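With the sequence up front, the predicted model follows.
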Amino acid sequence: WGLMFGRKYLRISSSMPIFYRIFNALIIIAIAASLFSLLVDYALAIRITTLLSIIGSAVAIAAGVVQTARRFRPAYYYILAWFTLLVGMILFALKTFGILPANFLTNWSMQIGSALEVVLLSFGLADRINILQNEKQQAQIEILESRQRMLESFARFVPGEFLQHLERSDILDVNLGDATKKRLVVLFSDIRNFTGLSEQMDPEETFRFLNTYLDRVSQAIDRHDGFIDKYIGDAVMALYAGDPDLAVKSAVEMRRLLREYNRDRAAESLRPIEMGIGLHTGETMLGTVGSRKRLDTTVIGDTVNVASRLESLTKVFRIPVLVSGDVCSHLKNPEQFSFREVDLVRLKGRRSAIQIFEVFDCDVDDCRNRKLELLPVYKQGLELYRTGNFLE
């Protein structure tokens, strides 16, 4: 039983195959000797058993020494435990063979050694249990860290804000067709004449350019509590669930970051780039679409279409940022922005017209100040235009 315990305790089956075979052989011999002891003289049986105990203890200690050399901590207790038993067996054997006199110590040396062995092995077993618990805790920590890394990787493809809006705590809980109705501000931005730009670059240069540009403008979205729904080539679609003021601030900062980017491009003798931004707010359906094998998160609704159309209109009016009247009416602090009405337009696919406004906080200071100065005259001219008094 001691050998069977040691075989398991020291984990020798996988780490020490030679010792594993020796342990098995000694276990078989010990079982045979136990049965044989019932058939022979007691004096002979006790000598055979004592000899086997000494050999078994020596082998167990040798296995413990090897595992100790390999820095297997429970082996320290194991060696000490078997050593005390071996000393007790040697004393008992020397008494049995008449070399040492019979006294309390030699008569009970095997029992004393066995008791000490059990105590020490108990300490060793407790230590091993602690090690196993620590290994288990470490394994759980590694699993959690791995899971966290996996979730962080997923978050690059599926924003965590989507999970929050869908009331899901884990990406694994998201299913096809999960959706919720939300009022959102949708921001669309697009690079002007991207096709012409890409024709002057090879595919690798195009990828590098896009990643550099998108990384810059995306910072403005992140800083103002927005999240990117998707990149559509050079276009960006971002969503804002809270204060519409933050969406407008994002648009203004995106224009500022673009100016900085163009300065860097100019330093490398590269042509500047231009972009347009459109914003609209309203009810949307936010959820998952696709098939059971391939899911995608998206936002669907008229709000998305209007934001996209407004971005296209920035080309027509040659204005960097256009926002709808709905965005302006939902601003909590409209006085912090500089904007003016541009027109009343009926967008493709819509029956009713909407007001569109230019946000010119992103203009250079001279231009912005001039627009503010002329704003009263501009409003008067817009009213005359709408009443058909074109000459005046």
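Thanks, I have it. The structure presented is a predicted model; accordingly, all values stated were derived computationally and were not measured.

so where is the stretch 151-300 of the chain shaky, pLDDT-wise?
Applying pLDDT under 70 to the stretch 151-300 of the chain flags residues 151, 153-160, 162, 165, 167, 169-173, 177.

can you pull out the strands in it?
Applying DSSP state E, counting those that start in this stretch to the stretch 151-300 of the chain gives strands spanning 179-191, 227-232, 235-240, 275-290, 295-300.

which secondary structure elements does the first one contact?
Taking 3 or more C-beta pairs under 8 Å, 6 or more residues apart in numbering; DSSP states H and E as contact, the helices and strands that strand 179-191 lies on are helix 203-223, strand 235-240, helix 244-267, strand 275-290, helix 302-317. Placement of C-beta: from N, CA and C, glycine included.

re earlier: quick one: which of the strands of the stretch 151-300 of the chain is nearest residue 337?
strand 275-290 (11.6 Å; C-beta to C-beta).

Listing partners with orientation, what would you give for that closest one?
Applying DSSP bridges, strand 275-290 is found paired with strand 179-191 (antiparallel), strand 295-300 (antiparallel), strand 321-324 (parallel).

ranking these by burial, who's on top?
Among these, the stretch with the highest mean neighbour count (mean count of other C-beta atoms under 10 Å) is strand 321-324, at a mean of 28.

averaged over its residues, what pLDDT does that one have?
The average pLDDT for strand 321-324 rounds to 95.

Likewise for stretch 105-113?
Predicted confidence along stretch 105-113 averages 85 (mean pLDDT).

Can you mark which positions in it are buried?
Using 16 or more other C-beta atoms under 10 Å as the test for burial, stretch 105-113 gives 106, 109, 110, 112, 113.

ok, residues contacting it?
Applying C-beta atoms under 8 Å, 6 or more residues apart in numbering, the contact partners of stretch 105-113 are 53, 84, 85, 86, 87, 88, 89, 91, 92, 94, 95, 100.

chain center to stretch 315-324, what's the gap?
39 Å (C-alpha atoms, centre = their mean, to the nearest Å).

Now do it: everything it contacts.
Residues from elsewhere that reach stretch 315-324 (C-beta under 8 Å, 6+ apart): 192, 248, 251-252, 255, 274-281, 306-307, 310-311, 313-314, 339, 342-343, 354-360, 362-363.

Just the CA atoms of that stretch, as CSV, please.
This file holds the C-alpha atoms of stretch 315-324, laid out as CSV (Å, rounded to 0.1, in the frame of the first residue of the first chain):
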residue,chain,number,x,y,z
LYS,A,315,-20.5,67.5,-51.9
VAL,A,316,-23.4,69.4,-53.4
PHE,A,317,-23.2,72.4,-51.0
ARG,A,318,-19.4,72.1,-50.6
ILE,A,319,-19.8,72.2,-46.8
PRO,A,320,-17.8,69.9,-44.6
VAL,A,321,-20.4,69.1,-41.9
LEU,A,322,-24.2,68.9,-42.4
VAL,A,323,-26.6,68.1,-39.6
SER,A,324,-30.4,67.7,-39.7
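
picking that back up, adding secondary structure as columns, could you present the buried residues of stretch 105-113 in JSON lines?
Below are those laid out as JSON lines (DSSP: H, G, I helix; E, B strand; the rest coil):
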{"residue": "106", "secondary structure": "helix"}
{"residue": "109", "secondary structure": "helix"}
{"residue": "110", "secondary structure": "helix"}
{"residue": "112", "secondary structure": "helix"}
{"residue": "113", "secondary structure": "helix"}
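
and residue 175, which of the helices and strands packed on strand 179-191 is closest to it?
Closest among the helices and strands packed on strand 179-191, using C-beta to C-beta: strand 275-290, at 7.1 Å.

Tell me what angle that closest one forms with strand 235-240.
Using axes from the mean of the first three to the mean of the last three C-alpha atoms, to 10 degrees, the inter-axis angle of strand 275-290 relative to strand 235-240 is 70 degrees.
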